[in-house]
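**Q** here is my input, please return the structure:
(2 chains)
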Amino acid sequence: MRRLLLLACLGVSSLPAQLSLSVVQGNSEAPISGQYGFGTVSMGDVRDIPFRLRNIGTSATPLTVLSLGGVDFAFVNPPAVPQSVAGGAAVDFTVRYGPTAPSSSATFTADGVSAVFYGRALSAGIVSLDDGSDALHLLMADAVIDFGSAVRATTVTRRIIVANPSTIDKLSIRNVVALGTAFHLTRDSLPIVLAPGASASMRLDFTPMSNGTQQGTLEIDQRSFHLTGIGLDPAAPIPSIALDLPQTASAQQGKLTVKLGSVSKATATGEVDIDIRPSTANANTDGGILFLATGNRTVKFNIKPGDKVAHFGSADSVAFQTGTTAGDLVFTVKLGDATVQSTFTIPPATIGLDATQAQRTSAGLDLRVTGFDNTRTASKITFTFFDQAGTALSPGAITVDSSAAFQQFFAASDLGGVFALHAFIPVMGNPAQVAAVEVKFTNAAGSAQTGRLRFTP
Amino acid sequence: MNRIALLLWCVVSATAESNFAPPVVGVARDTHRQLRPVYGVAGNFVLRDAIPKEALNWAFSGAGGLMKADAELLTLDSGGRVTSRHPAPQGDAVLSAGAAFFPETNELWLMGADPDRKLRIEPYALGGDVVALGALHGRSVPLAVCRGSRVWLVTVDVTSSAVMREILAPGVIGDRGCAGALLWLDGNFLLADTRELTIQTAGGDERHLPLAGGVHGAQPELHRAGERWVQVEVAGRSPLLLLVNSDSEQLYRLPTVETRP
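**A** Below you'll find the predicted structure:
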């Protein structure tokens, strides 16, 4: 018994080396016994089938012969011969069937293996692509016709040539169609009958109406070809800036419009920034320079096909404030690859007086003035008080040098040049004797004076 | 007189060098319905931190004001800061900078009076809906009351709650004042409807400003926002600030509150 078991084991471990032919189907192998059909292939097309020769023995075997006898069949990637195939190992190769006749066959031979490959051909035209280059490109079934990139709503054209390879028979093409919204085929009416050796040319257009990859299919009788192309957004027009400002001055609210150099074909988002280049060296932050729609110095806009101006939300313009700093206000529009700037100068000005209030109390006089100094050079304040008869009270104009106080205030402020002055003036005696006051502010641009402010009870 | 002048010289010299501050235009309600102090000058506004409550209504005179939140009445100082909070009837109220009328309870609160005073006004005495408050003057306060389609000016004695007198509001305010938002500002009336803003001055002059561009049919709102400022809110439009001068008005747009990431 022991001897029998030993022999049995020896028998298993020494199976004779033998090659077996299979067709590879994904991750599995289907053995071939004697013959294999490649099916029906259009004339001018090819079909590639992967095969595998496996050594089903446990010891190595030589592979010395690998041949195909016949027409229309050929190895695509023939393995090296001779070689040794280890036990259990396999050799892969691909055979291509490219019919030139209605039917054909070939004999496959390897060491100890033989099979007949056969196939049938369908009468079909030879399909070529004319992409504008010097040579036509032969198209096999399932080939990809790539149109590349095209700006939206523009057209890229290719020509498809179908030729009758026969020197004897006419060829009738019954179905030619392009599928896919971006692709359009222009051809003669069907059927297209080609005399022997003749050809027909068809126009195939790619017109993307949206952005991104577009795909379609070209069907010519039983064959299909993949169509692909990329739709691109058109370039945005060159923008320009139009400003509507009542006065080129501080403390103004104006409107900015972004005009487009041409009617937009693009959908795009752009941005406008506003910035100040102060003309004074000691300018503090000016929080008043802003776009009203955002409350800051940047605002976005959109353009879409057909637009002549940009849209800020639903509006055609955006409002801004000029702030209270003298200098160059710089507007920068960025749209696509274009950057456009517009600058206007806010000139240095005398102090702008916004509101005044003069009140008399039993304790004295309360004076409030709000205004702005766009130069940050405010220096002197001159008060002139008047009695009930309109006569200036002695000693007349009282001038106070407030340069340091202004500078100290502006340095700590992020509101630009705006300020509120509050002066309470205690009066010994009867405050009613003081009827009015005039206040004059002086800065580097000159002097500005309030009207005569009457003290109210 | 020389003595006065000498004092002026000394005091002006001392005070003028130290009393600078950021100018407060007023307070305004932002698009999130929160009240914010507005700094700057006409045409140059900067909004600052909000009072973190929804403002149902408010009025601000420059010297101070009131804000009605859901169940509170807040008093504001001249900088728009909250100085006190008072539990108050739910819902909206009619406000001036120093008084609040609560339709739910028919109470009139006089804030800033010494002391604060609350009085109830009998509905039959009013005979309609209070739509605006005038300024407290001595012992009386005037109320604008809609009776039917007309506005009556009803003066109430704040010590007795009794109606002292009542007259039909003059001009267009009397005839059409109930058809829109009404604001009583230092003797001037402002009336906003869906089409325009009407300013009727104390002297009887009438001026008009168009209010286009809002949501169709939406009624505007008017709120006193500062000494000379009125906020005009039109649904679907950016908030507006109206500068009311004795002989003219000027509309400005209020900046949106900056959204920080």
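**Q** how about stretch A:433-449 and chain B, touching?
**A** Yes - Stretch A:433-449 is in contact with chain B by C-beta under 8 Å from any C-beta of the partner chain, via A:433, A:434. Just so you know, the C-beta spots here come from the backbone N, C-alpha and C atoms, and that holds for glycine as well.
**Q** which residue ranges form the helices in chain A?
**A** A:2-13, A:403-412 (DSSP state H).
**Q** least confident of the ones you listed, on average?
**A** For the helices of chain A, mean pLDDT drops lowest on helix A:2-13, to a mean of 40.
**Q** in the sheet, who's paired with the residue nearest the centre of chain B?
**A** Compute the mean C-alpha point of chain B, and by C-alpha atoms, centre = their mean the closest residue is residue B:224, 2.7 Å away. Bridge pairing for residue B:224 (DSSP bridges) gives the partners residue B:230.
**Q** for the residue of the stretch 101-250 of chain B found nearest chain A, give me its contacts.
**A** The nearest approach of the stretch 101-250 of chain B to chain A comes at residue B:238, 6.6 Å away (C-beta to the nearest C-beta). The contact partners of residue B:238, taken as C-beta atoms under 8 Å, 6 or more residues apart in numbering or on different chains, are A:292, A:293, B:31, B:253, B:254, B:256.
**Q** which residues touch the residue most central in space within chain A?
**A** Centroid-nearest residue in chain A, with C-alpha atoms, centre = their mean: residue A:233, separated by 8.0 Å. Contacts of residue A:233 were listed using C-beta under 8 Å, 6+ apart, and they are A:151, A:152, A:211, A:266, A:267, A:268.
**Q** from memory residue B:218 sits against residue B:194, does it?
**A** Yes - judged on C-beta atoms under 8 Å, residue B:218 makes contact with residue B:194 at a distance of 6.9 Å.
**Q** comparing those two, which residue is more hemmed in?
**A** residue B:194 (17 against 13; other C-beta atoms under 10 Å in any protein chain shown).
**Q** in a strand, that one, correct?
**A** No - counting by DSSP: H, G, I helix; E, B strand; the rest coil, residue B:194 is not found in a strand; it is coil.
**Q** is it true that it touches residue B:221?
**A** No - with contact defined as C-beta under 8 Å, residue B:194 does not reach residue B:221; the gap is 12.0 Å.
**Q** where does the stretch 1-150 of chain B have low pLDDT?
**A** Low-confidence segments of the stretch 1-150 of chain B (pLDDT under 70): B:1-18, B:114.
**Q** can you pull out the helices in it?
**A** Using DSSP state H, counting those that start in this stretch, the helices of the stretch 1-150 of chain B run over residues B:2-15, B:123-126.
**Q** what helices or strands is the shortest one leaning on?
**A** Pointing back at helix B:123-126 there. The helices and strands touching helix B:123-126, judged by 3 or more C-beta pairs under 8 Å, 6 or more residues apart in numbering or on different chains; DSSP states H and E, are strand B:150-157.
**Q** and the helix or strand following the strand it packs on, what does it pack against?
**A** As assigned by DSSP states H and E, the chain's next helix or strand after strand B:150-157 is strand B:163-168. Judged by 3+ C-beta pairs under 8 Å, 6+ apart, the packing partners of strand B:163-168 are strand B:150-157.
**Q** residue contacts, the closest residue to residue A:35 other than its chain neighbours?
**A** Spatially, and ignoring its direct neighbours in sequence, residue A:35 is nearest to residue A:116 (4.3 Å; C-beta to C-beta, 6 or more residues apart in numbering or on different chains). Contact analysis of residue A:116 by C-beta under 8 Å, 6+ apart lists A:34, A:35, A:36, A:105, A:106, A:107, A:108.
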